[in-house]
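J.: need a 3D model of the sequence below.
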Amino acid sequence: MTSRLSGHDLVSIAIEAGAAILPFYDPNGQEARTKGDGSPVTAADEAAEAIILKRLAEHGITAVLAEESVAAGRIPDVGAEFWLVDPLDGTKDFINGSGEFTVNIARIVDGAPVDGVVLCPALDEVYWADETGAHYAKLVDGKVADPRPIAVAPAGGALKVVASKSHLTDETKEFIDRFDVDTFLSFGSSLKFCRVADGTAHLYPRMGRTMEWDTAAGHAVLKAAGGEVYTLDGTPLAYGKSETPTGPYANPHFVAAGAFDPFALAKAS
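T.: Next up is the predicted model:
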């Protein structure tokens, strides 16, 4: 078994990683290299991941699937309990200067996310989930200020739907059209899960390629806030998928929702 970190520990690690990212960040935009899978990567990703892996190791945690390490072929054996790390989710938002990029760390037990932190260093926002529930806080001078518990909004009437700024596919649009939508919101990175978790939105569908480290921390926050992430067959999104049709640790299409069954609300296609 690996160690269970407190929410305070998770947030502290994420804040340190976020502080390592910001010197590389330019709101006017910057360049990035391209990895073998065609996705962009910057020196900021690597700096943040090195800090996170070091801090987790100090707590005896080595069963970690981290995005840049996996891309470099460093894939540890993991069992029923392991950690997922995306040191800089929303690299396109980082590159184009929108500020909506995040640091993501999550603990997985028996396929489900049970603890996690999502930190947005450019916007000074942090969300986290632990055994006490889901929480949100602003950061002031690099420290948590006025944390508060969060919960999903009840679904009643028309929905507020959030979707990706960079990956809004035709299939996602077609899925959204099956609902009575009041407001359409667009955010980058794993902030979309968090906006459902805090009640800003009701629904976040994603019909496109994602990896487990992209979703686990936001999923943990949403789950702790009373919501869930479902695959298109209605089962909760699971983690530890070492073999899938689209590659190791790839996710199927999914729908993140508040405390309701999104498929029961959808109009017939």
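J.: from here on, contacts and neighbour counts on C-alpha atoms
T.: Noted.
J.: which stretches of the stretch 151-269 of the chain form strands?
T.: 159-164, 181-187, 203-206, 210-211, 228-231, 250-251, 254-257 (DSSP state E, counting those that start in this stretch).
J.: got it, and the stretch 1-150 of the chain?
T.: Ranges of strands within the stretch 1-150 of the chain are 33-34, 40-41, 64-66, 81-89, 102-109, 112-120, 125-130, 133-140, 143-149, based on DSSP E, counting those that start in this stretch.
J.: out of the strands of the stretch 151-269 of the chain, which is closest to E125?
T.: Nearest to E125, of all these, is strand 181-187, at 13.8 Å by Cα to Cα.
J.: ok, back up a step: just put the strands of the stretch 151-269 of the chain in a markdown table and tack on distance to I21.
T.: Shown next, in a markdown table, are the strands of the stretch 151-269 of the chain (distance: least, Cα to Cα, whole Å):
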| stretch | distance to I21 |
| --- | --- |
| strand 159-164 | 22 |
| strand 181-187 | 20 |
| strand 203-206 | 26 |
| strand 210-211 | 21 |
| strand 228-231 | 28 |
| strand 250-251 | 25 |
| strand 254-257 | 28 |
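J.: let me see the domain layout of this protein.
T.: Following automatic domain parsing, the chain resolves into domains at 7-149, 159-265.
J.: and those as JSON lines, adding mean neighbour count and mean pLDDT?
T.: JSON lines is the format used below for these (neighbours: other Cα atoms under 10 Å; pLDDT from 0 to 100):
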{"stretch": "domain 7-149", "mean neighbour count": "20", "mean pLDDT": "91"}
{"stretch": "domain 159-265", "mean neighbour count": "20", "mean pLDDT": "94"}
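J.: I'd like the distance between the closest residue to D146 other than its chain neighbours and L56.
T.: Nearest residue to D146, sequence neighbours excluded (Cα to Cα, 6 or more residues apart in numbering): A137, at 6.0 Å. A137 sits 22 Å away from L56, taking Cα to Cα, to the nearest Å as the criterion.
J.: now do S98
T.: Going from S98 to L56 by Cα to Cα gives 29 Å.
J.: correct me if wrong: A17 contacts V103.
T.: Yes. When contacts are counted by Cα atoms under 8 Å, A17 is listed as touching V103 (7.2 Å).
J.: shared neighbours of the two, anything?
T.: Jointly contacting A17 and V103 under the rule Cα atoms under 8 Å, 6 or more residues apart in numbering are P87.
J.: A224: what's it in contact with?
T.: A224 touches 114, 129-130, 133-134, counting by Cα under 8 Å, 6+ apart.
J.: correction: E228
T.: Taking Cα under 8 Å, 6+ apart, one finds 219, 222, 236, 256-259 in contact with E228.
J.: one more pass at 6 Å, please.
T.: By Cα atoms under 6 Å, 6 or more residues apart in numbering, the contact set of E228 is 256-257.
J.: how much space between E131 and G208?
T.: Where G208 is concerned, E131 sits at a distance of 31 Å (Cα to Cα).
J.: cool, T62 as well?
T.: T62 is 30 Å from G208, where distance means Cα to Cα.
J.: and for D198?
T.: Distance from D198 to G208, counting by Cα to Cα: 24 Å.
J.: now I52
T.: On the measure of Cα to Cα, I52 and G208 end up 27 Å apart.
J.: residues making contact with stretch 73-84?
T.: Residues outside stretch 73-84 that contact it (Cα under 6 Å, 6+ apart) are 63-66, 105-110, 213.
J.: can I get those in a markdown table with distance to S186?
T.: Compiled in a markdown table, the contacts of stretch 73-84 are given as follows (distance: Cα to Cα, whole Å):
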| residue | distance to S186 |
| --- | --- |
| A63 | 34 |
| V64 | 30 |
| L65 | 28 |
| A66 | 26 |
| I105 | 23 |
| A106 | 24 |
| R107 | 27 |
| I108 | 28 |
| V109 | 31 |
| D110 | 32 |
| W213 | 21 |
